[in-house]
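In: Okay, predicted coordinates and the sequence, questions at the end:
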Amino acid sequence: MATVPAKSPQESRAMRFLAACTLVPILCFAFQDLGSKYGGMEWLTYDYAAWPLMIAPILMLILFFRSRDLIRNPRMGSNFSQTIKIVAAMYLIWNIIGALGYSWLAVISVLSSLTILVADRQLKKQAGA
């Protein structure tokens, strides 16, 4: 598998944290589905998988604001900027579904994802001016 190397140590750290925010909810969903269906673990409810899905965008928003320099300087963090926008859009879709079908608290995650998508564009405009 080919990967794009990080352009700075800051970007490498941010990408690892972003990978954890992306993979943990997916692994929780897989474990919940397999454990409750085949393992006979009735205690594994959808809450086990839904809460990490709703918490991840909030952690990503904190990461986004801590990594503003990577977004302002495309030579340092162009990979991070593109990746966090893709992941935020993915979480936006799933949290809209979660807000409609599971809990209204997912609205906070929806707003976090929208903030990432809008603020990324604004930071790039400010850096270009």
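Out: Nice, I can see it. Numbers count the residues shown, from 1 in each chain.
In: For the chain, which segments are assigned as helices?
Out: 9-37, 47-66, 68-72, 74-101, 106-128 (DSSP state H).
In: Run through this protein and note the low-pLDDT ranges.
Out: Within the chain, the segments meeting pLDDT under 70 span 1-6, 35-44, 127-129.
In: Which residue comes closest to residue 77 once chain neighbours are left out?
Out: Using C-beta to C-beta, 6 or more residues apart in numbering and skipping the chain neighbours, the partner closest in space to residue 77 is residue 70 (2.7 Å). For every residue, glycine as well, the C-beta is placed using N, CA and C.
In: Quick check, that neighbour in contact with residue 76.
Out: Yes. Taking C-beta atoms under 8 Å as the contact criterion, residue 70 and residue 76 are neighbours in contact, 5.5 Å apart.
In: Have a look at these two and say which one is more surrounded.
Out: Set side by side, residue 70 and residue 76 show more neighbours around residue 70, with 27 against 19, by other C-beta atoms under 10 Å.
In: Look up how far residue 123 lies from that one.
Out: 10 Å (C-beta to C-beta, to the nearest Å).
In: again with residue 92
Out: Computed with C-beta to C-beta, the distance linking residue 92 and residue 123 is 18 Å.
In: Residue 105 now?
Out: Separation of residue 105 from residue 123 (C-beta to C-beta): 27 Å.
In: Looking at those two now, which is surrounded by more residues?
Out: The neighbour comparison of residue 105 against residue 123 (other C-beta under 10 Å) goes to residue 123, with 18 against 13.
In: hang on, the more buried one packs against residue 67?
Out: No. Using C-beta under 8 Å, residue 123 and residue 67 do not qualify as a contacting pair, with a distance of 10.2 Å.
In: Tally up the residues packed near the closest residue to residue 98 other than its chain neighbours, please.
Out: By the measure of C-beta to C-beta, 6+ apart, the closest residue to residue 98 outside its immediate chain neighbours is residue 106, 3.9 Å from it. When counting by other C-beta under 10 Å, one arrives at 23 neighbours for residue 106.
In: Please consider this matter closed, and thank you.
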